[in-house]
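> Just a sequence and a predicted model for now, questions to come.
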Amino acid sequence: MGALERAQALLASADPDKTLPQCKIRAIEIGADALSQVGQIASEYIPSGSLIGFIVDKSEIFRASRSAKDDVLAQLAANFSVRKIVLDDGYQELHASEDVINQAIGEAAGVSAIISLGGGTITDIGKMTSLGIDCPIHIAIQTAASVDGYTDDVSVILKSGVKRTVPSRWPDIVIADTTLIAQAPRLMNTAGFGEIYSMFTAPADWRLAALFGFEKNFHWGPIELLHGVGEGIDEWSIGLKDAEVASIEKLVEALAVRGITTGVAGTTACLSGIEHLFSHMLDMHQGANGKTIGQHGSQVGVGSLAASVLWEIIFENFDDGEIRYRDLPEDQEYENKVKSHFSSLDNDGRLGQECWNDYSKKVAYWRSHENEISAVLQNWSEHSAELKRLILSSDQIARNLTAAGSPVTLAALEPAISGELASWALGGAHLMRNRFVGIDLLEFLGLWTPETLAEVFTRMRKVVEKAEVHA
């Protein structure tokens, strides 16, 4: 059973009444020689002789000793006219900025189909481009298993220097050559494994937001769908250390199902909580300072460990005591806090204003829904049991990431992240957007203090040391 068929079967079981959005991907081709089938697959969906926009970045991508881009171009040229669109924003790594997307849309005008080849950024740009020109076909060729964004219907773009997840479209076809992907730098594939671990923390943030009423689209179906992603993960993930093709194929399939989960949930919140905010904050800092941006999935893996520890602190502090609603300080105090946190990255104030525009919505909601929020806090013991089932222990996350060779410490990330930067990123992660997570609960109850933040990192170090002893 292929990844698409597996996801459809799991979805049918989790959502028998079909209340969730339906996946519009038409085919997912995963295999050891999938790249050689691009021309044939394209011919099944695109009329012969059509003009195709082939979107890539400036990087060289090789399968064995052959250029993957040249190989695909040669296959397409046999039956189609091809316009190669090479995107370069002047940085070492391409960003999915509004300017880059507009450039791609302009150069793709008049094409009948979009084929993108590359990582998550190129795929997101391909989705936005095909949407922008109202193109009926988008074939995404993934060259790494570093993220799960190949199979969802959203794109992560830079807006005023801040990463934002925006609606785009489902790719029609996803092609993943596991031989090519296995030859990618090992960090990219272990990053994909780190990305998977948000499924063991983010659902708790999503459920918490739904309990308070911040999240309106919560559904248990996507969480049930995620159970299929975790099947056998402890066994196959060990092979990622040595880039075993069989393990890479399992990873690609797992990420494909994750991406579909996000799409049918109608929100990325089911898989994007504290751990993703941590990664986005690191990216924001690096980008604003012209520094190398790390692998998103690796940062998410470390962020998942931080999120698990943070949730354990929440349970320890809340389960034994009475929790009361708290009136918040004045808006001006929060606005100053948000803008001050981002001031070192913000020459003209746009970035801080963008973050405050989003964060202020959470503040306003908390103020205006005291009764609903108080009711949840008063029944915390009931909700706590439910939330605990959505969190994998920090010990287990540390052990699993270590066993797969995925980064689990700040120093293991590339580039390495200092303790000071990590504290800035996690300490203000909740300030960047309108998504309620566990940190917001602590913040609004007056418990997100420097001491709590320091405790998170102290506990992280301890569980990692324990995991390394047992490795």
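Looks like it came in fine. Just so you know, these numbers come straight off a predicted model, no measurement behind them.
> Tell me how this structure divides into domains.
Taking automatic domain parsing as the reference, the chain has its domains at 3-184, 197-217+267-470.
> what's Cys270 in contact with, if anything?
Residues near Cys270 by C-beta atoms under 8 Å, 6 or more residues apart in numbering: 202-203, 206, 222-223, 226, 261-262. Every C-beta, even on glycine, is put in place using the N, C-alpha and C of the backbone.
> Using JSON lines, please lay out these together with neighbour count and pLDDT.
Shown next, in JSON lines, are those (neighbours: other C-beta atoms under 10 Å; pLDDT from 0 to 100):
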{"residue": "Ala202", "neighbour count": "29", "pLDDT": "97"}
{"residue": "Pro203", "neighbour count": "23", "pLDDT": "96"}
{"residue": "Trp206", "neighbour count": "28", "pLDDT": "97"}
{"residue": "Pro222", "neighbour count": "29", "pLDDT": "91"}
{"residue": "Ile223", "neighbour count": "21", "pLDDT": "90"}
{"residue": "Leu226", "neighbour count": "25", "pLDDT": "85"}
{"residue": "Thr261", "neighbour count": "30", "pLDDT": "90"}
{"residue": "Thr262", "neighbour count": "22", "pLDDT": "89"}
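> Go through those and flag which are in helices.
202-203, 206, 222-223, 226, 261-262 (DSSP state H).
> so where's this structure shaky on pLDDT?
1, 471 (pLDDT under 70).
> ok, longest helix in it?
When the chain is parsed with DSSP H, its longest helix is helix 296-318.
> which strands and helices sit next to that helix?
The contact analysis (3 or more C-beta pairs under 8 Å, 6 or more residues apart in numbering; DSSP states H and E) places helix 296-318 against helix 186-196, helix 202-212, helix 274-288, helix 380-388, helix 394-404, helix 438-444, helix 450-470.
> Relative to the whole chain's centre, how far out is the third one?
Think helix 274-288. Relative to the centre of its chain, helix 274-288 is centred 11 Å away, using C-alpha atoms, centre = their mean, to the nearest Å.
> heads up, I number from 6, so please use that
Yep, numbering from 6; the last one is helix 279-293 now.
> Counting neighbours, what do you get for Leu310?
Burial of Leu310 is recorded as 31 neighbouring residues (other C-beta atoms under 10 Å).
> now it, nearest residue through space, not along the chain?
Ile402 (5.1 Å; C-beta to C-beta, 6 or more residues apart in numbering).
> Equivalent analysis for Leu81, please.
Nearest to Leu81 is Val87, by C-beta to C-beta, 6+ apart, at 5.0 Å.
> strand partners of the helix or strand hosting that neighbour, parallel vs antiparallel please.
In the assignment (DSSP states H and E), Val87 maps to strand 86-92. In the sheet, strand 86-92 lines up against strand 56-62 (parallel) (DSSP bridges).
> next structured bit after the strand holding Val87?
Where DSSP H and E defines the elements, the next helix or strand beyond strand 86-92 is helix 103-112.
> re the thing from before, compute the distance between the residue nearest to Leu310 and Glu391, please.
20 Å (C-beta to C-beta, to the nearest Å).
> between these two, which one's more packed in?
The neighbour comparison of Ile402 against Glu391 (other C-beta under 10 Å) goes to Ile402, with 28 against 12.
> so what's that one up against?
By C-beta under 8 Å, 6+ apart, the neighbours of Ile402 are 202, 205, 309-310, 313, 468.
> for these, which one is nearest Thr183?
Lowest distance from Thr183 to these (C-beta to C-beta) belongs to Tyr202, with 21.2 Å.
> how deep is that closest one tucked in, by neighbour count?
With other C-beta under 10 Å as criterion, Tyr202 counts 28.
> which non-adjacent residue is nearest it?
Ser309 (3.9 Å).
> what number of residues lie near that neighbour?
Ser309 has 32 nearby residues by other C-beta under 10 Å.
> which residues does Glu200 contact?
With contact set as C-beta under 8 Å, 6+ apart, Glu200 has these partners: 151-153, 260, 263, 301-302, 305-306.
> cutoff 6 Å now
Each residue near Glu200 by C-beta atoms under 6 Å, 6 or more residues apart in numbering is listed here: 152-153, 302, 305.
> what's near enough to touch the residue nearest to it when sequence neighbours are not counted?
Distances taken as C-beta to C-beta, 6+ apart put Gly302 closest to Glu200, at 3.5 Å, once the chain neighbours are dropped. Taking C-beta under 6 Å, 6+ apart, we find Gly302 in contact with 151-152, 196-197, 199-200.
> hmm, which two among those residues are most spread apart?
Val152 and Gly199 (9.9 Å).
> So if I had to pick from those two, which one is more boxed in?
The residue with more neighbours, out of Val152 and Gly199, is Gly199; 32 against 26, by other C-beta under 10 Å.
> And the more buried one, how far from Leu310?
9 Å.
> ok, now Lys367?
On the measure of C-beta to C-beta, Lys367 and Leu310 end up 25 Å apart.
> what about the residue nearest to Arg169 when sequence neighbours are not counted, which SS state?
Distances taken as C-beta to C-beta, 6+ apart place Ile162 nearest to Arg169, at 6.0 Å, with adjacent residues excluded. Following DSSP: H, G, I helix; E, B strand; the rest coil, Ile162 is assigned to strand.
> distance of Ile162 from Cys275?
Counting by C-beta to C-beta, the gap from Ile162 to Cys275 is 20 Å.
> do the same with Gly54
For Gly54, the distance to Cys275 - C-beta to C-beta - is 42 Å.
> residues in contact with stretch 227-234?
15-16, 19, 204, 208, 259, 262-263, 266, 270, 275.
> can I assume Ile178 is in contact with Ile30?
No. The pair Ile178 / Ile30 is not scored as a contact, 7.5 Å apart, by C-beta atoms under 6 Å.
> Correct me if wrong: the residue nearest to Leu81 contacts Ile57.
Yes. Using C-beta under 6 Å, Val87 is in contact with Ile57, at 5.1 Å.
> Tell me the residues that contact both of the two, please.
Leu81.
> Check the spacing between Lys255 and Glu236 real quick.
Distance from Lys255 to Glu236, by C-beta to C-beta: 10 Å.
> tell me the secondary structure for Glu65?
Assignment for Glu65 (three-state DSSP): coil.
> quick one, what contacts it?
Residues near Glu65 by C-beta under 6 Å, 6+ apart: none.
> separation between it and Thr128?
18 Å.
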